[in-house]
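Novice: what follows is a protein structure lacking sequence information:
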């Protein structure tokens with residue numbers, strides 16, 4: 001995600017990447033070719049000759065020329081580093097999830113408010129074309145009657161900390177947090193939750209099935225997680241039905257609208273990189289002195305609380 005964010009920041013006018021921090025000398029040289037993950041598209045090398053380079057977060061934070069800190073550290077470091085940056089008077093863009101638990105997430109949100117600084121979490125689904133289009137369609141042709149959101153990938157063999165639930169929160173908090181946040185953006189917190197799943201991290205499996213119950217919007221199903229490592233492909237999809245139409249999309253495919261009249265239609269989409277879109281929006285909020293209403297940190301904290309609710313139901 002650090003590579004994705006670097007590339008995105010460099011595409012945004014009136015923004016200067018002034019410093020980078022890593023404990024890895026190879027990365028500080030600009031060589032990110034060894035960075036893994038389930039995303040493609042980030043550049044593998046960067047020119048860091050003209051910018052400050054730090055090996056510790058404390059040293060970076062001491063650089064008073066920096067206005068914004070973009071945090072792409074492992075999840076268990078998110079809350080403390082974000083709170084430190086906010087307390088030192090910096091605006092913060094924080095890669096998801098906001099924290100490992102809801103109480104800590106609330107603390108970080110409250111710190112931003114108390115310091116008068118802008119905090120935004122990288123819940124990028126809100127800026128992905130198909131999910132933006134679905135939100136627009138539901139405003140026009142809703143309410144939804146039933147919905148399914150699915151997201152899954154191979155167990156993250158490229159990481160040691162991700163497969164430690166104490167550091168990552170597991171697949172629910174690392175992967176499905178995207179869909180939980182998106183559901184909150186559409187319908188708010190559910191009135192009820194049911195959950196089930198299976199975790200066997202020795203085999204790479206960490207799968208959750210959740211039913212979110214909404215008054216007036218039917219049931220919303222969020223399902224997926226990690227499967228056996230290496231070969232299993234990344235995929236995401238949704239199917240959402242209203243009285244007027246059913247919307248269907250699978251990652252890599254075309255978003256379709258199947259109408260009550262029996263027609264099949266392609267849904268028009270926005271263009272552009274969603275990571276650049278979310279960071280550009282954050283930068284615009286800073287320039288205008290406005291809160292990030294398209295992705296408010298309070299809802300990022302709610303997503304953590306919803307994940308905890310699902311986890312409790314899975315253990316029943």
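Specialist: It's in. Predicted model, so just to flag it, every value in this text is computed and none were measured. Numbers count the residues shown, from 1 in each chain.
Novice: switch to C-alpha atoms for all contacts and neighbour counts from now on
Specialist: OK.
Novice: and stretch 236-248, end to end?
Specialist: 11 Å (CA to CA, to the nearest Å).
Novice: tell me who's in contact with the closest residue to residue 33 other than its chain neighbours.
Specialist: Nearest residue to residue 33 in three dimensions, chain neighbours excluded: residue 44, at 4.5 Å (CA to CA, 6 or more residues apart in numbering). With contact taken as CA atoms under 8 Å, 6 or more residues apart in numbering, residue 44 is in contact with 3, 31, 32, 33, 34, 35.
Novice: need the contact list for the residue lying closest to the second one once chain neighbours are set aside.
Specialist: Same thing as residue 31. Of all residues not flanking residue 31 in the chain, residue 45 sits nearest, at 4.7 Å (CA to CA, 6+ apart). Shown in contact with residue 45 (CA under 8 Å, 6+ apart): 30, 31, 32, 33.
Novice: the nearest residue to residue 271 once chain neighbours are set aside - how many residues pack around it?
Specialist: Distances taken as CA to CA, 6+ apart put residue 129 closest to residue 271, at 6.9 Å, once the chain neighbours are dropped. Using other CA atoms under 10 Å, residue 129 is surrounded by 18 other residues.
Novice: for the one 10 residues further on, same thing?
Specialist: Per other CA under 10 Å, the neighbour tally for residue 139 reads 12.
Novice: so it is in which element?
Specialist: For residue 139, the host element (DSSP states H and E) is helix 129-141.
Novice: tell me what that helix is packed against?
Specialist: strand 245-250 (3 or more CA pairs under 8 Å, 6 or more residues apart in numbering; DSSP states H and E).
Novice: could you pull out the helices for the stretch 101-250 of the chain?
Specialist: Using DSSP state H, counting those that start in this stretch, the helices assigned to the stretch 101-250 of the chain run over residues 102-115, 129-141, 165-168, 170-174, 177-187.
Novice: give me whichever of those is most buried.
Specialist: Neighbour counts (mean count of other CA atoms under 10 Å) averaged over each of the helices of the stretch 101-250 of the chain peak at helix 170-174, with a mean of 23.
Novice: roughly how far is that one from the heart of the chain?
Specialist: Put simply, helix 170-174 sits 11 Å off its chain's centre (CA atoms, centre = their mean, to the nearest Å).
Novice: neighbouring contacts of it?
Specialist: By CA under 8 Å, 6+ apart, the residues outside helix 170-174 that reach it are 96-97, 100, 162-164, 168, 206-208, 225-226, 304, 307.
Novice: and stretch 19-37, by the same measure?
Specialist: So stretch 19-37 is contacted by 3, 43-48, 51-57, 60, 66, 156, 158 (CA under 8 Å, 6+ apart).
Novice: domain parsing for the chain?
Specialist: What automatic domain parsing lists as the domains of the chain is 2-123, 125-273+291-314.
Novice: wait, residue 206 touches residue 225, no?
Specialist: Yes - the pair residue 206 and residue 225 qualifies as a contact (CA atoms under 8 Å) at a distance of 5.7 Å.
Novice: great, nothing more from me.
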